[in-house]
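# Sequence and predicted structure below; questions after.
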Protein chains: 2
Amino acid sequence: MNNFGDLIRAKREEKEMLLRHLAAELDIDTAQLSKMERGERTARREHVVELTKILSLDKEETLSIWLADQICLLLAKEKQALRALKLAETTLSK
Amino acid sequence: MNNFGDLIRAKREEKEMLLRHLAAELDIDTAQLSKMERGERTARREHVVELTKILSLDKEETLSIWLADQICLLLAKEKQALRALKLAETTLSK
DNA sequence: TGTACATTTGTCATTTAATGTCAAGTGAAC
DNA sequence: GTTCACTTGACATTAAATGACAAATGTACA
């Protein structure tokens, strides 16, 4: 349920970047980035896009994962989560 | 993409209630309710629940529709909407 | 042990978005 | 042209998201 954060952290470590280095490139606080990676806070869309560039990630895929996390956040604790997803899918397919 | 509002309006008219009467029961402004029905603003969760009681709607179904609208709002203009939905579904199925 | 460094945690300030309120506007019916 | 239901737009208020900072934690190693 924090697939985006996990992805970012994995890629960052793979590239052997420190939080403060990546944070500096994004022009945000190190603590902010730490929280994003652990899912304590969600990233801004613009930061997501920027991250895909810095970490050589696929933009579309990464955005999808980030969006999916947002959806999961919205539906957390909702009994009708899956039912709502199905309805949304029907609507968006049109 | 405003299924919730359409549902509320249909039911309200079916019961021949005026906006101001329903708004009074919800303890909100008439203009607010008007906007909710037309999808200009989203309803609060508590108002959704209250509406199901007043309008004799199925609570689970109505909440699903309301949630679906929220999801659609979140994904509006996103090219990866359907892809994100699929990912969210996978996550939430677990 | 204690120092250096990376990360995390908690608190509070600031910004942005959601919601609420009101007054004026529109349109239909009579 | 008056009344009534509803809509629109502007602004106030409230709540949520984001940002910034200091202190805490944990780890490695001299």
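Thanks, I have the structure now.
# Output the set of residues of chain A in proximity to DNA strand D.
Applying Cβ under 7 Å from any atom of the strand, we find that chain A lies next to DNA strand D at A:28-29, A:31-32, A:41-42, A:44. C-betas here are computed from N, CA, C, even on glycine.
# Going C-terminal from the top helix by length along chain A, what's the next secondary structure element?
Ordering each helix of chain A by length in residues (DSSP state H) puts helix A:59-75 first. Per DSSP states H and E, the first helix or strand lying C-terminal to helix A:59-75 is helix A:81-92.
# and that next one, which residues are buried?
Neighbour counts over helix A:81-92 (16 or more other Cβ atoms under 10 Å in any protein chain shown) mark A:81, A:83-85, A:87-89, A:91-92 as buried.
# And that helix, what does it pack against?
Applying 3 or more Cβ pairs under 8 Å, 6 or more residues apart in numbering or on different chains; DSSP states H and E, one finds that helix A:81-92 makes contact with helix A:59-75, helix B:59-75, helix B:81-92.
# Close to chain B: what parts of chain A are there?
Residues of chain A lying close to chain B (Cβ under 8 Å from any Cβ of the partner chain) are A:1, A:3, A:60, A:63-65, A:67-68, A:70-72, A:74-75, A:78-85, A:87-89, A:91-93.
# go with 6 Å
Counting by Cβ under 6 Å from any Cβ of the partner chain, chain A comes close to chain B at A:1, A:60, A:63-64, A:67-68, A:71-72, A:80-81, A:83-85, A:87-89, A:91-92.
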